[in-house]
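Chemist: Build the 3D model from these lines:
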Amino acid sequence: MEFENLKYDKKDGIAKITINRPNVMNALTPALLKEMKVAVEDAGKDTNVRVVIITGMGRAFSAGVDLLSLGEIKLKGGAVGPVLDDPARAVIDIIQTIPKVVIAAVNGYCITGALEIVLGCDLIVASENAKFGDTHTRWGLRPSWGMSQRLPRKIGLLKAKEMSFTAELITAKEAERIGLVNMAVAADKMEYIVQQLAEKIIANSADAIAAYKYLYNHGMRGTLENGIELEAKSKFEINDTEERLEKFRKKGT
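Modeler: Predicted coordinates for the structure are as follows:
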């Protein structure tokens, strides 16, 4: 499978998607977003893939939307419009719905539209060199890929407002402190740590993890009571329970 804007590799149960426009800090275009959807969708359907890693080439995960890619389109009401909204929302939706764990490995700058994609991922590991920001207000834009809803659910309303209203960047360590990322790690160790994290996930039941992902992502959309009801009433096909329990029993004998 050939891509113009991405590198896509699969090995040992891990699919790695690398945004590959380093000369423009991996800025997001409609074409890139469409390619990313295809790659994530392919990984989701591949029974050999257990974990998907999304990262960037060079010194940025992505600096956000490539506004030059919009050409002469006028941004009415501060919105980038369907040319970017539609493929971006499709990427985030497929990230959240495939039954695989998607890890964002944030290697550098992760700004605005890129942050919106990262917020859709299941886990986020950041290099100590990474910086995060929501700069919509700096350019007179309004969010349209989910920022106003996902960011406060991740870090709390007050911190989300601070990030959006000031449009200032925060460090990886600050992102870790406020719960925006799972962990901030040394740049030269990030690839190893993400690999180790993926291997820990792969060691567990793929079906059980898929069930958890569904319950987490759907349950968080409603009230606690609705989420508990969803958990109680949902049925899943988990095929390796007996196999895993039998291994446990044998260890105990």
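Chemist: The stretch 1-150 of the chain: helices as residue ranges?
Modeler: When secondary structure is read from DSSP state H, counting those that start in this stretch, the stretch 1-150 of the chain shows helices at 30-45, 82-97, 113-119, 147-155.
Chemist: Reformat those as CSV; add mean neighbour count and mean pLDDT.
Modeler: (C-beta placed from N, C-alpha, C; glycine too.) Rendered in CSV, the data for the helices of the stretch 1-150 of the chain read as follows (neighbours: other Cβ atoms under 10 Å; pLDDT from 0 to 100):
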stretch, mean neighbour count, mean pLDDT
helix 30-45, 20, 97
helix 82-97, 18, 96
helix 113-119, 26, 98
helix 147-155, 17, 96
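Chemist: Could you point out which of the ones you listed sits nearest residue 241?
Modeler: Distances from residue 241 to each of the helices of the stretch 1-150 of the chain were compared using Cβ to Cβ; the minimum, 22.7 Å, belongs to helix 30-45.
Chemist: Give the other helices and strands that that closest one contacts.
Modeler: strand 6-11, strand 14-19, strand 51-56, helix 82-97 (3 or more Cβ pairs under 8 Å, 6 or more residues apart in numbering; DSSP states H and E).
Chemist: ok, and the closest non-adjacent residue to the most centrally placed residue in the chain?
Modeler: Per Cα atoms, centre = their mean, the C-alpha nearest to the average position across the chain is that of residue 121, at 2.4 Å. Using Cβ to Cβ, 6 or more residues apart in numbering and skipping the chain neighbours, the partner closest in space to residue 121 is residue 104 (4.1 Å).
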